[in-house]
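*Asks:* Take this sequence and fold it.
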Amino acid sequence: MRFLLAAVLAVVFATGSGKASAAISVVDDAGRTVTLARPAQRVISLAPHVTELLFAAGGAARLVGAVNYSDYPAAAARLPQVGSYNKIDFERVLALKPDLIVVWHSGNPVRQVEQLARLGIPVYHSEPNRLEQVGANLLRLGQLLGTEPAARQAAQDYQRRIAALRARYAGRPPVTVFYQVWDRPLYTLNDDHIASDMMRLCGGRNLFGALTTIAPEVGVEAVIEADPEVILVGKRDDPKDPGGRMWQAYKGMTAVKRNNLFAIDGDLTNRAGPRTAEGAEQLCAMLEQARGRRPR
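*Replies:* All right, here's what the predicted structure looks like:
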């Protein structure tokens with residue numbers, strides 16, 4: 001009898017230790033290891049691109065809160081809000097009892113993110129600044145959520161679209177681009193942002209990519225002097241607006257002379273999520289159109 005009891009206890013302890021060793025660990029975009037004892041059940045997103053990644057990775061049922069402007073897919077707009085990307089409401093966060101918070105590494109205030117970590121809540125830093133990193137984020141978030149099949153399928157679908165564009169536009173003649181994020185004041189993005197990687201995929205070259213700030217303010221005179229072949233305007237309110245109206249007065253610019261003023265939905269280019277594949281498809285088509293307008 002004692003032998004039987006000892007055998008049963010041995011199985012129980014072995015099973016328990018097996019569960020303990022089955023902790024989930026991933027390395028996030030800040031190079032930090034995030035470890036969970038079990039798949040996350042209550043997740044908060046602190047950036048719109050993060051919300052899109054979590055939904056795509058199969059985490060719809062696990063999301064309990066998000067910041068404002070988390071409006072895609074439609075279900076995201078119904079999530080309880082916990083503030084904005086740059087001002088987190090700690091009371092709301094704690095009331096939702098999250099077991100994982102996914103933050104925007106360069107966007108959320110460092111001090112507030114550190115406060116969350118000190119509370120003992122696991123924090124994953126998301127910052128895809130290259131197209132292939134979107135797929136990697138989907139896979140890692142799927143691991144943390146325990147939704148690997150959905151995440152793997154989403155990553156494969158995304159990577160297939162990017163690979164098709166890479167094959168189609170590899171070796172195309174380069175096109176110089178000014179990407180306008182905002183007009184008052186005039187902001188652009190540098191090469192550390194995923195929008196620049198989309199341009200490179202399509203054979204574009206970001207004229208202000210070498211600037212050190214990820215979202216630098218530039219002057220109108222600097223853009224005129226750079227003389228881009230294409231001006232791309234990231235718009236959120238009305239993607240069908242032709243865009244670039246402020247530049248039409250500068251008729252000596254190459255982009256204006258050739259009618260290469262294009263508007264694109266900024267959510268497809270500024271948010272580093274699965275929809276960047278759609279944004280890249282549109283951007284590539286615009287740059288190809290600009291190539292077709294070159295003097296023969």
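*Asks:* make it CA atoms for all contacts and neighbour counts henceforth
*Replies:* Will do.
*Asks:* ok, Leu144 touching Arg42?
*Replies:* No. The criterion here is C-alpha atoms under 8 Å, and Leu144 misses it with Arg42 at 11.2 Å.
*Asks:* the more surrounded of those two?
*Replies:* Neighbour count, other C-alpha atoms under 10 Å: between Leu144 and Arg42, Leu144 has more, with 24 against 18.
*Asks:* neighbours around Arg92, how many?
*Replies:* 14.
*Asks:* What about the nearest residue to it once chain neighbours are set aside, how many residues nearby?
*Replies:* Spatial nearest neighbour of Arg92, excluding adjacent residues (C-alpha to C-alpha, 6 or more residues apart in numbering): Val82 at 5.6 Å. Counted by other C-alpha under 10 Å, the residues lying close to Val82 total 24.
*Asks:* on contacts alone, who are the packing partners of the helix or strand where Glu52 lies?
*Replies:* Using DSSP states H and E, the element containing Glu52 is helix 48-56. With contacts defined as 3 or more C-alpha pairs under 8 Å, 6 or more residues apart in numbering; DSSP states H and E, helix 48-56 has these neighbours: strand 100-104, helix 131-145, helix 148-169.
*Asks:* got the contact list for the helix or strand following the shortest one?
*Replies:* Toward the C-terminus, strand 100-104 is succeeded by helix 110-118 as the next helix or strand (DSSP H and E). Contacts of helix 110-118 from elsewhere in the structure, counted by C-alpha atoms under 8 Å, 6 or more residues apart in numbering, are 88, 103, 123.
*Asks:* Dump these into TSV; add neighbour count, pLDDT and distance to Thr33 as well.
*Replies:* Shown next, in TSV, are these (neighbours: other C-alpha atoms under 10 Å; pLDDT from 0 to 100; distance: C-alpha to C-alpha, whole Å):
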residue	neighbour count	pLDDT	distance to Thr33
Ile88	20	90	23
Val103	23	94	14
Val123	22	96	10
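*Asks:* what's the closest of these to Leu165?
*Replies:* Of all the contacts of helix 110-118, Leu165 sits closest to Val103, with 29.3 Å by C-alpha to C-alpha.
*Asks:* re earlier: pick the one among the contacts of helix 110-118 closest to Arg168.
*Replies:* Nearest to Arg168 among these is Val103, at 34.1 Å by C-alpha to C-alpha.
*Asks:* which ones are touching the closest one?
*Replies:* Contacts for Val103 (C-alpha under 8 Å, 6+ apart) come out as 45-47, 50, 113, 123-126.
*Asks:* try Pro73
*Replies:* Contacts of Pro73 by C-alpha under 8 Å, 6+ apart are 52, 55.
*Asks:* immediately after the helix holding Glu52, which helix or strand?
*Replies:* Next element after helix 48-56 (DSSP H and E): strand 63-65.
*Asks:* So which elements touch that next one?
*Replies:* When contacts are defined as 3+ C-alpha pairs under 8 Å, 6+ apart, strand 63-65 packs onto strand 43-45.
*Asks:* If we go by neighbour counts, what in the strand it packs on is buried?
*Replies:* 43-45 (16 or more other C-alpha atoms under 10 Å).
*Asks:* can you redo those as JSON lines with pLDDT and distance to Val27?
*Replies:* Shown next, in JSON lines, are these (pLDDT from 0 to 100; distance: C-alpha to C-alpha, whole Å):
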{"residue": "Val43", "pLDDT": "98", "distance to Val27": "17"}
{"residue": "Ile44", "pLDDT": "97", "distance to Val27": "18"}
{"residue": "Ser45", "pLDDT": "97", "distance to Val27": "18"}
